[in-house]
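A.B. asks: Okay, here's the prediction I keep looking at, along with the sequence it came from:
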Amino acid sequence: MAKSELEVIQLLMKLIGHKTGEISKVTYTPQKIVFPTDTEGETSLPRCTPEEQGVSSVFIEKLFRTLHENNSCHMHKAMAVRNGYVIGECAFRPFDMDKWHVTHSMCKSVTGMAIGLLVCEGKIKLEDKIEDIFKGMKGPLQSLFSSGITVRHLLTMTSGSSFNESGSIASNDWRKQFLEAQVKFTPGSSFEYNSMNSYMLSAIVSEVTGESMFDYLKPRLFEPLGIKRVFWETCPQGITKGGWGMYLRMEDMAKLGQLYLNNGSYDGKQILPEEWVKAATTMQIPTGVTSAPGYGFQLWNSSSRLGAYTFNGMLGQNVYVFPDINMMIVTNAGNEDLFQKGNMSRTVYNLMAELEVEDAPIEISDEVIAAQRSLAKFVKSVQDEPETSFCIPSGGWNKKKKRSTLGMSHKFRYLLMKSLDGVVYDMDDKGVGFMPLLMQIMHNNFTDGISSVGFKLNNANGAFYLLIKEGEKTHEIKCGLDGKAALTDIDEHGEIYSVATISEFSTDEYGRPVIRNEFYFTEDSTARVMNIYLGKRQPLEHDNAISFLFEKAPANIGIRFDEIPGSGMLINILNQFGNLEDLKGINGFVKNKLTDYGALDALILAIQDTVRPKLHGARVKFL
């Protein structure tokens with residue numbers, strides 16, 4: 001078992017054991033910033049109706065609706081672009097079309113563009129060996145041997161390097177570890193997806209130019225495309241991550257796709273050579289993936305339509321490009337798609353495969369007008385907050401029981417909130433964090449553990465807050481009621497994250513009042529669910545129905561966490577970082593006994609419990 005894979009397993013065991021603090025071997029430095037408000041220099045793509053670009057509004061609605069109604073897709077945003085015009089866009093509640101979103105591996109395609117620019121400038125060649133570019137960085141012994149890895153091998157995911165994503169967990173010096181790593185096969189002979197290939201491409205940009213790839217791209221790519229609000233994380237040595245860590249607005253994702261659709265030209269200016277775009281989007285190596293059978297330069301070739309390709313990021317961050325009809329579909333989501341294998345990508349590919357378009361605008365008719373109105377109505381319905389009847393917080397209800405849209409009457413919800421006002425509960429397990437586990441791993445930002453949970457009610461306006469103490473910091477999170485989202489910015493070790501909270505007051509099958517809280521990290525691909533169970537029930541007859549009222553807050557509460565996407569995705573991600581099957585790589589008797597006794601199955605169950613931990617809290621004080 002490689003050292004990096006052992007480090008992954010050790011980190012996994014710490015997570016399962018609810019260890020907190022700086023549990024990673026990689027130095028943590030806060031990077032994530034607040035979403036900028038300065039839009040000077042930012043440009044927008046033109047908008048028009050689908051029919052003006054030869055596409056039916058019926059199709060756009062069908063695409064958006066199918067993605068939305070598939071519960072496994074967990075859509076955040078979607079956009080359709082044809083001939084350079086946005087012909088449909090939708091942000092699904094509680095997400096905002098204008099705010100940036102993590103792109104995960106979608107940004108690999110941007111890294112490929114940086115290499116194209118470097119080649120165009122004559123500063124590198126695709127056949128250059130990486131050990132020649134990084135002269136003197138390998139140790140004396142390793143310098144005696146050549147891996148033979150070239151820039152082209154990095155671009156096409158054919159390096160064969162044994163130093164994979166687990167390196168981002170196990171070491172601060174990713175370049176040296178990659179350069180000294182053994183290769184699994186002759187470089188160029190086989191495809192093996194490895195995000196550290198993309199990181200090394202970024203490192204090459206820094207080595208050759210003396211600046212980070214992010215800074216290198218600003219005047220050459222981002223500014224000419226009118227992309228201003230963009231952020232890209234770096235490794236501990238200040239090198240742009242290259243394969244992940246980029247935040248970008250959906251419209252700016254579409255601009256990058258349009259650049260390739262225009263053969264490297266944008267707004268009348270040639271940004272990338274046409275021959276580079278052609279080579280980048282042509283299959284360079286087969287992948288063995290049915291829906292994406294080939295890989296070009298840091299992007300996937302698709303089998304859905306002739307010449308199709310995808311800038312692909314895990315969990316649904318994609319730019320699907322269809323050159324034969326000059327069209328793109330752009331998505332942000334929080335699903336379990338990996339490498340274009342999942343319900344979301346399958347839905348997009350299947351629908352786009354059947355799409356027929358017109359070269360000229362579709363003539364306006366009563367049917368077309370009705371379809372446009374239907375599309376607009378659907379978009380409004382999924383992005384607008386629900387309407388609810390006004391309710392006076394302190395009373396004033398009539399004899400009919402007024403219920404919120406989600407499960408408990410306004411009256412008893414208020415009485416429950418009032419009974420909890422100022423109450424704090426001490427947690428029995430202080431190793432569970434507020435931020436989803438997947439985010440902690442991706443940002444190397446691990447929790448200090450929730451030590452207490454409290455409640456606060458603003459009697460003047462009925463606003464209700466959760467007070468979650470994590471380490472020395474208390475997050476004061478406003479609960480969005482009646483299906484409406486409330487936005488809160490939280491500080492996690494100096495990194496600022498925007499959270500949209502939707503809370504529901506209801507009762508469970510045992511009659512206990514429950515506060516269900518869904519925390520959507522609006523710039524990221526994951527969400528946290530926190531169900532708070534409030535002690536024993538106390539029945540009160542009211543209008544021939546059983547309701548629940550606490551004269552005082554319960555002595556104990558229970559909390560159950562979950563994540564979207566869930567434990568299955570975390571296991572998949574950990575398999576990418578370091579194969580869990582390697583736990584079976586122990587020789588002889590021990591290996592056989594661990595397998596016989598189901599140790600790996602027990603580990604997977606432990607991971608599931610880590611994603612869905614249970615906590616209990618005891619009332620300790622009133623504020």
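C.D. replies: Structure's in. What do you need?
A.B. asks: can you give me the strands for the stretch 151-300 of the chain?
C.D. replies: 230-232, 246-248, 265-266, 269-270, 285-286, 294-295, 300-301 (DSSP state E, counting those that start in this stretch).
A.B. asks: Just name the shakiest helix or strand of this structure by mean pLDDT.
C.D. replies: strand 545-548 (a mean of 43; mean pLDDT, DSSP states H and E).
A.B. asks: and of the strands of the stretch 151-300 of the chain, who's closest to residue 447?
C.D. replies: Of all those, strand 246-248 sits nearest to residue 447, with 21.3 Å by Cβ to Cβ. Any C-beta I mention is one placed from the backbone N, CA and C, and that applies to glycine too.
A.B. asks: what helix or strand is the spatially most central residue of the chain on?
C.D. replies: Closest to where the C-alpha atoms of the chain average out (Cα atoms, centre = their mean) is residue 525, at 2.4 Å. Counting by DSSP states H and E, no helix or strand carries residue 525.
A.B. asks: and what of the one 10 residues further on?
C.D. replies: Here residue 535, judged by DSSP H and E, is contained in no helix and no strand.
A.B. asks: What score does the residue nearest to the centre of the chain have for pLDDT?
C.D. replies: Predicted confidence (pLDDT) for residue 525: 95.
A.B. asks: Could you do residue 146 as well?
C.D. replies: For residue 146, the model assigns a pLDDT of 73.
A.B. asks: and the nearest residue to it once chain neighbours are set aside, what are its phi and psi?
C.D. replies: Of all residues not flanking residue 146 in the chain, residue 131 sits nearest, at 6.3 Å (Cβ to Cβ, 6 or more residues apart in numbering). Per-residue torsions, residue 131: phi -70, psi -20 (degrees, to the nearest 10).
A.B. asks: wait, residue 131 sits on residue 179?
C.D. replies: Yes - Residue 131 is in contact with residue 179 according to Cβ atoms under 8 Å; the separation is 6.2 Å.
A.B. asks: More neighbours: which of the two?
C.D. replies: residue 179 (23 against 20; other Cβ atoms under 10 Å).
A.B. asks: I'd guessed that one sits against residue 136; true?
C.D. replies: No - if you go by Cβ under 8 Å, residue 179 and residue 136 don't touch, sitting 10.3 Å apart.
A.B. asks: on contacts alone, who are the packing partners of whichever helix in the chain runs longest?
C.D. replies: Secondary structure assigned by DSSP state H gives helix 366-383 as the longest helix of the chain. In terms of contacts (3 or more Cβ pairs under 8 Å, 6 or more residues apart in numbering; DSSP states H and E), helix 366-383 is packed against helix 57-69, strand 85-91.
A.B. asks: at 6 Å what do you get?
C.D. replies: helix 57-69 (3 or more Cβ pairs under 6 Å, 6 or more residues apart in numbering; DSSP states H and E).
A.B. asks: Only the buried residues of the helix it packs on, if you could.
C.D. replies: For helix 57-69, the neighbour count (16 or more other Cβ atoms under 10 Å) marks 57, 58, 59, 60, 61, 63, 64, 65, 66, 67, 68 as buried.
A.B. asks: can you list contacts of it?
C.D. replies: The contact list for helix 57-69, computed with Cβ atoms under 6 Å, 6 or more residues apart in numbering, reads 50, 73, 75, 78, 80, 88, 90, 347, 351, 371-372, 374-375, 378, 382.
A.B. asks: quick one: average pLDDT of that helix?
C.D. replies: Mean predicted confidence for helix 57-69 is 98.
A.B. asks: Could you check how far it is from the centre of its chain?
C.D. replies: 22 Å (Cα atoms, centre = their mean, to the nearest Å).
A.B. asks: In PDB, list the C-alpha atoms belonging to it.
C.D. replies: This file holds the C-alpha atoms of helix 57-69, laid out as PDB (Å, rounded to 0.1, in the frame of the first residue of the first chain):
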ATOM      1  CA  SER A  57     -39.700  26.400 -25.900                       C
ATOM      2  CA  VAL A  58     -41.400  23.100 -25.400                       C
ATOM      3  CA  PHE A  59     -38.000  21.400 -25.500                       C
ATOM      4  CA  ILE A  60     -36.300  23.800 -23.100                       C
ATOM      5  CA  GLU A  61     -39.100  23.400 -20.600                       C
ATOM      6  CA  LYS A  62     -39.000  19.600 -21.000                       C
ATOM      7  CA  LEU A  63     -35.200  19.600 -20.400                       C
ATOM      8  CA  PHE A  64     -35.500  21.800 -17.300                       C
ATOM      9  CA  ARG A  65     -38.500  20.100 -15.900                       C
ATOM     10  CA  THR A  66     -37.100  16.600 -16.400                       C
ATOM     11  CA  LEU A  67     -33.900  17.500 -14.500                       C
ATOM     12  CA  HIS A  68     -35.900  19.200 -11.800                       C
ATOM     13  CA  GLU A  69     -38.300  16.400 -11.200                       C
END
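A.B. asks: got the CA coordinates for whatever helix or strand comes next after the longest helix of the chain in CSV?
C.D. replies: Once the chain leaves helix 366-383, the next helix or strand it forms, by DSSP H and E, is helix 410-420. What follows is helix 410-420, C-alpha atoms only, in CSV (Å, rounded to 0.1, in the frame of the first residue of the first chain):
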residue,chain,number,x,y,z
HIS,A,410,-48.4,28.9,12.8
LYS,A,411,-49.8,29.2,16.4
PHE,A,412,-48.1,26.1,17.8
ARG,A,413,-44.9,26.8,15.8
TYR,A,414,-44.7,30.2,17.5
LEU,A,415,-45.4,28.7,20.9
LEU,A,416,-42.7,26.1,20.4
MET,A,417,-40.2,28.7,19.2
LYS,A,418,-41.1,30.9,22.3
SER,A,419,-40.5,27.9,24.6
LEU,A,420,-37.0,27.4,23.1
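A.B. asks: right, and the helix or strand after helix 410-420?
C.D. replies: strand 423-427.
A.B. asks: helices and strands around that next one, which ones?
C.D. replies: Partner elements for strand 423-427 (3+ Cβ pairs under 6 Å, 6+ apart): strand 450-457, strand 614-622.
A.B. asks: secondary structure element for residue 345?
C.D. replies: Going by DSSP H and E, residue 345 is part of helix 343-354.
A.B. asks: ok, back up a step: any buried residues in the longest helix of the chain, and which?
C.D. replies: Buried residues in helix 366-383 (16+ other Cβ under 10 Å): 368, 371, 372, 375, 378, 379, 383.
A.B. asks: List the contacts of that helix.
C.D. replies: Contacts of helix 366-383 (Cβ under 6 Å, 6+ apart): 49, 51, 57, 58, 60, 61, 68, 90, 91, 92, 93.
A.B. asks: mind checking how far the fourth one is from residue 153?
C.D. replies: Okay, so that is residue 58. Residue 58 is 46 Å from residue 153, where distance means Cβ to Cβ, to the nearest Å.
A.B. asks: So for the longest strand along the chain, mean pLDDT?
C.D. replies: When the chain is parsed with DSSP state E, its longest strand is strand 495-507. In this model, strand 495-507 has a mean pLDDT of 95.
A.B. asks: Thank you, goodbye.
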